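1. Build me a structure from this.
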Amino acid sequence: MLCAWASICFHTGIVFIAAVNLGAQERSGCDKNASSAVTSPLQCKSERVVALIPAFNQSNDVNAPPLSSSAKRRLFTKTIMDPFNLTMPAINALLLDSAGVSSGYGSGIGGVAKRYASSLADSVTGNALRLYVFPAILHEDPRYFRAVNKPFSLRVTHVFGATIRTRKDDRSFGFNWSKLLASGISAGISNAYYPEENRGAALTISRIGFSYLGEIGSNALKEFWPDVSRKRHSKQRCSTIDTSECQSIPP
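-> Here you go, the predicted structure:
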């Protein structure tokens with residue numbers, strides 16, 4: 001069992017380091033391409049929040065051109081192939097194994113591997129339906145559009161509301177069917193490979209609920225982390241230039 005944990009931790013660590021390096025490369029690219037003007041300390045938009053978590057479907061422009069079906073497919077493939085999204089199922093597998101959850105998978109390296117496979121299947125299925133299949137069929141936009149120019153209270157409301165109301169490809173807004181259908185069908189499909197103890201209507205409904213909570217948390221990071229990052233970069237920049245020049249940087 002100890003060898004199983006050591007092997008999983010080793011490979012998880014490799015993928016995690018790759019994710020960190022990707023985040024560092026993106027930040028480096030921002031630093032090289034950023035304008036030298038003090039009033040715009042960070043010009044490029046990072047595709048990650050908290051330096052690691054991918055936010056490829058984040059946009060600051062609610063009037064941005066719609067995504068084609070092929071663009072939605074590329075968004076899905078880019079998301080599931082990201083090192084962070086390959087790491088998290090492994091971490092989840094280790095946590096489930098240590099807690100004795102999903103005991104039907106067994107223990108040891110075989111049990112951990114089965115838990116990892118099921119967690120990865122959840123991620124792939126959910127993202128495929130949420131980012132590509134239903135948005136392409138229903139002509140809905142899978143991106144999260146930040147409410148950057150609204151008061152804080154409305155931005156918080158938007159974080160929750162985006163799971164219910166979404167933009168369509170024709171730039172109108174309506175009910176977020178892609179989220180509801182993707183969550184429901186993905187949760188239902190998981191009953192095909194989950195152990196008996198983790199199947200059933202009640203557990204399927206709970207997985208749908210956790211899917212919504214997870215997206216709300218993801219929306220919150222996409223909405224507010226860029227502001228935190230911008231202020232942090234502004235302070236770092238001010239530490240290297242004349243203080244009087246920093247007065248023009250917005251708080």
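2. CA atoms for contacts and neighbours, from now on please.
-> OK.
3. give me the number of residues near residue 161?
-> 16 (other CA atoms under 10 Å).
4. can you map out the helices along the stretch 101-250 of the chain?
-> 108-127, 134-138, 152-161, 177-189, 201-238 (DSSP state H, counting those that start in this stretch).
5. With mean pLDDT added, can I get those in TSV?
-> Below are the helices of the stretch 101-250 of the chain laid out as TSV (pLDDT from 0 to 100):
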stretch	mean pLDDT
helix 108-127	90
helix 134-138	98
helix 152-161	97
helix 177-189	97
helix 201-238	89
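6. Let me have those in CSV, adding distance to residue 55 as columns.
-> Output for the helices of the stretch 101-250 of the chain, formatted as CSV (distance: least, CA to CA, whole Å):
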stretch, distance to residue 55
helix 108-127, 13
helix 134-138, 17
helix 152-161, 14
helix 177-189, 17
helix 201-238, 7
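7. so residue 62, which of the three states?
-> What DSSP: H, G, I helix; E, B strand; the rest coil gives for residue 62 is coil.
8. And for it, nearest residue in space, chain neighbours not counted?
-> residue 145 (5.6 Å; CA to CA, 6 or more residues apart in numbering).
9. Residue 112 against residue 94, yeah?
-> Yes - with contacts counted by CA atoms under 8 Å, residue 112 reaches residue 94, the gap being 6.5 Å.
10. Just want to know which of those two has more residues nearby.
-> The neighbour comparison of residue 112 against residue 94 (other CA under 10 Å) goes to residue 112, with 25 against 21.
11. what residues are up against the more buried one?
-> 4, 93, 94, 97, 105 (CA atoms under 8 Å, 6 or more residues apart in numbering).
12. can you give me the offset of whichever strand or helix holds residue 79 from its chain's centre?
-> Element membership of residue 79 [criterion: DSSP states H and E] is helix 69-80. How far helix 69-80 lies from its chain's middle: 13 Å, per CA atoms, centre = their mean, to the nearest Å.
13. That concludes my questions; thank you for your assistance.
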